[in-house]
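Asks: when you get a sec, could you give me coordinates for this:
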Amino acid sequence: MTSGISGAYDSGHVRLRFATRPSMGEIVTHNFAMGTLIVALTIAGSAHLSAQNSAPGPWQTFLIPLGDTVYDINNHVTWLADGNLAAKTLPDFENFRFGLPLCPPLTIEPTEPCVNLSGSMNYSSAVAWVAGMNAANYLGHHHWQLPTAPSNDRGCSGTGPGPYSENFAFGCEKNALGSLYYVALGFATPATAVPFPPNTVGPFTNLQPNLYWSSSGGGGLGCTIANFSFASGAQGGGCGGDFADVLPMIKGEISGAPTPPGMGLVPNPIGTVFDPVTHDTWLANANLAATWVVDSNGDEIDTISLPLCVTAPDKTPCVALDGSMNYESAMAFIQAMNHYEDPISHIVVGYLGHKDWKLPNVDASCPTYGCGGDANPMGNLYYDQLYFPAGTPVVPVPDIAVGPFNHLQPFPYWECLAARIQDACKPAIETLTDEPGFNSEWGFSFGTGFLGTERVNANHYVTAYFVGCDQDESWCQTIKFGPIKGTEDALTSLGLSATSSSGLPVSFSSKTANVCTVSGNTASLLFPGNCTIEASQAGDDSFESALPVQRTFTVDHALQTITFPPIKNQKSGAIVNLHATASSGLPIAYYASGSSIISNAIGPVPVCEIFGSTAAMISPGRCTIEAYQAGDDLYAPAFADRSFTVTAP
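Replies: Next comes the predicted model:
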């Protein structure tokens, strides 16, 4: 299961985030306010963008700022406060790459872990960077880890066929970054997201440091659509479910365009840009899909006739508020451009008077980095016309403050595979053959709140946390709950004992109610299986809740006993009724064996034989009758035997 860069980078011009559909009056008011904001941003230059300091939700309820770290009360993990620490350099040139070098200008994939100047890096570099943090005992801690995501999250908003119905979508909260984005910071996609300031790159407006869709297959995989990243110059491929941006083009030069003076890009006042190297005409607005207008109904907004996404668009093409969309929607967007109607005559004239817009092609045989020309027209823009070295975003990453975090990038961040947020990442060698897919790993976009995957050679941003709180904080408490050793039997009880460093009482609960339940400090073992008991402490006015501690042990089948009265000596020919019972109430089966003192030509003569619940005495000798109960899903097998002598009549 592989797909393109996980979700869209929320970029482009700053847009009004409508909680409900806006009226035309609100649009006009927004346009005036937006002009004021753009002027303010122009004056501010690269200054710290604090517009998101008040995150949409009451983040103070869930997060405790601690200077260099932020404690997540819900998930009991301590985050880095700097959302892009890897890019940080102090005035004395001290950096925070933790031994990793800067990536050189690339034409192929880096062979050793490194960090791009922007702070982004591939997955193996992200793993090495976190290992370097731990080796350096950064901030006094050596158990930092990448955020985690489970292989399945049924709470995601996708409704289409797998894997998108459970793994790729908006609204995935079981992964660590998704929980931070949706629960703690209060974003609600697609209505809100971390914005990216307005930008101009050469003759283009709103060129996103993001993945852009192509019209080509890529990578040789059955589901793959080739794509190109204007964040790093990397060519990749996705299965079409993730969200990326769209840069429409027309093959050839359109009539009336200015004559190229050389081989550089040529802007056209009508809103296009001509590349004389590849002979392609591009739309100058590189994020046209983010232009929202009130449609003819007067109460809905759309972009070139595509509606605003409500959930992951598994069934109906739609566009996220930042202009990104899945591949199906990208194709529908191009079709809508070619069927664009003149707003007055309602005659289909095509957008800007053209009906031959298309997604650009990308040749799958190109290397990951450095491919341009006709094989990759978008790569030609990036490398040969705009002169970006590989690994460089087309727009410098901003310093955006979101709640208690700074330098938080509205782009994808690496996550790793683990069942729970507090669990360690599965080793990389496992993730290459396990979910989310071969040679891919999870990524969560802080631009759109979309969870997806990307090939491990892609460039994402990196943050980290350690599980638990910093014990130097007066409000931090921990739980001691020793391992439960050995195996316990079903239908028994087990006393539980744990303590908290605060001295507050510890509570216990069962995470496997079908196997065991808890009342007070006693666990009742109900059924064979693995029983998981969680010890927790909810905190009080002086202490935050403690990181719960879980202990798992095996519950074996319940023991049962067989009551089988003694059988006195018998004579040959006698019939004995058998009366064994099992404490479980399950039925008994009987078996007979014995050594005869006589024999015949055929073989030994049995001493006794069983007929249902009676035994027949056949010949003199020693008879042993076994009462056996085979057990079931709850009970273990049990038996008892009785021996006696059979004499001649």
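
Asks: doesn't Thr554 make contact with Asn530?
Replies: Yes. With contact defined as Cβ atoms under 8 Å, Asn530 reaches Thr554; the gap is 6.1 Å. Placement of C-beta: from N, CA and C, glycine included.

Asks: now Phe333: phi and psi?
Replies: Per-residue torsions, Phe333: phi -70, psi -40 (degrees, to the nearest 10).

Asks: was I right about it contacting Ile304?
Replies: Yes. Using Cβ under 8 Å, Phe333 makes contact with Ile304 at a distance of 6.1 Å.

Asks: between those two, point out the one with more neighbours.
Replies: Using other Cβ atoms under 10 Å, the more surrounded residue of Phe333 and Ile304 is Phe333, with 25 against 19.

Asks: output the below-cut-off pLDDT ranges for the stretch 251-400 of the chain.
Replies: For the stretch 251-400 of the chain, applying pLDDT under 70 flags the ranges 295-300, 311-314, 397.

Asks: now do the strands in it.
Replies: With strands called from DSSP state E, counting those that start in this stretch, the stretch 251-400 of the chain shows them at 266-268, 272-275, 280-283, 293-294, 301-303, 306-307.

Asks: nearest to Asp363, out of these?
Replies: Nearest to Asp363 among the strands of the stretch 251-400 of the chain is strand 280-283 (14.1 Å), distances taken as Cβ to Cβ.

Asks: which helices and strands sit right next to that closest one?
Replies: When contacts are defined as 3 or more Cβ pairs under 8 Å, 6 or more residues apart in numbering; DSSP states H and E, strand 280-283 packs onto strand 249-251, strand 272-275.

Asks: distance between that strand and the chain's centre?
Replies: Using Cα atoms, centre = their mean, to the nearest Å, the distance from the centre of strand 280-283 to the centre of the chain it belongs to is 36 Å.

Asks: and Pro565, that's in a strand?
Replies: No. Counting by DSSP: H, G, I helix; E, B strand; the rest coil, Pro565 falls outside a strand, being coil.

Asks: distance of it from Ser501?
Replies: Distance of Pro565 to Ser501, computed by Cβ to Cβ, to the nearest Å: 58 Å.

Asks: go on, Pro367?
Replies: The gap separating Pro367 from Ser501 is 54 Å, by Cβ to Cβ.

Asks: could you do Gly495 as well?
Replies: Distance of Gly495 to Ser501, computed by Cβ to Cβ: 22 Å.

Asks: just the pLDDT for the nearest residue to Gly612 once chain neighbours are set aside.
Replies: Excluding the flanking residues, the one nearest Gly612 by Cβ to Cβ, 6 or more residues apart in numbering is Tyr590, at 8.0 Å. Tyr590 is assigned 96 on the pLDDT scale.

Asks: just Thr645 next, same as before
Replies: At Thr645, the pLDDT value in this model is 96.

Asks: got it, and Ala580?
Replies: With respect to pLDDT, Ala580 scores 97.

Asks: domain ranges for the protein?
Replies: The chain breaks down into these domains under automatic domain parsing: 24-466, 479-556, 562-647.

Asks: nearest to Glu473, out of these?
Replies: domain 24-466 (7.1 Å).

Asks: closest to the centroid, which residue in this structure?
Replies: The chain has Ala149 as the residue nearest its centroid, 3.6 Å off, counting by Cα atoms, centre = their mean.

Asks: residue contacts, that one?
Replies: Residues near Ala149 by Cβ atoms under 8 Å, 6 or more residues apart in numbering: 172, 174-178, 415-418, 436, 442, 444, 451.

Asks: one more pass at 10 Å, please.
Replies: Going by Cβ atoms under 10 Å, 6 or more residues apart in numbering, Ala149 touches 6, 167, 172, 174-178, 414-419, 421, 425, 435-436, 441-444, 451, 453.

Asks: and if you look at Ala336?
Replies: Counting by Cβ under 10 Å, 6+ apart, Ala336 touches Ala289, Asp302, Thr303, Ile304, Ser305, Leu306, Pro317, Ser329, Tyr351, Trp357.

Asks: and if we set it to 7 Å?
Replies: Shown in contact with Ala336 (Cβ atoms under 7 Å, 6 or more residues apart in numbering): Ile304, Ser305, Leu306.

Asks: how close does the residue nearest to the centre of the chain get to Met617?
Replies: Here Ala149 is placed at a distance of 70 Å from Met617 (Cβ to Cβ).

Asks: okay then, goodbye and thanks.
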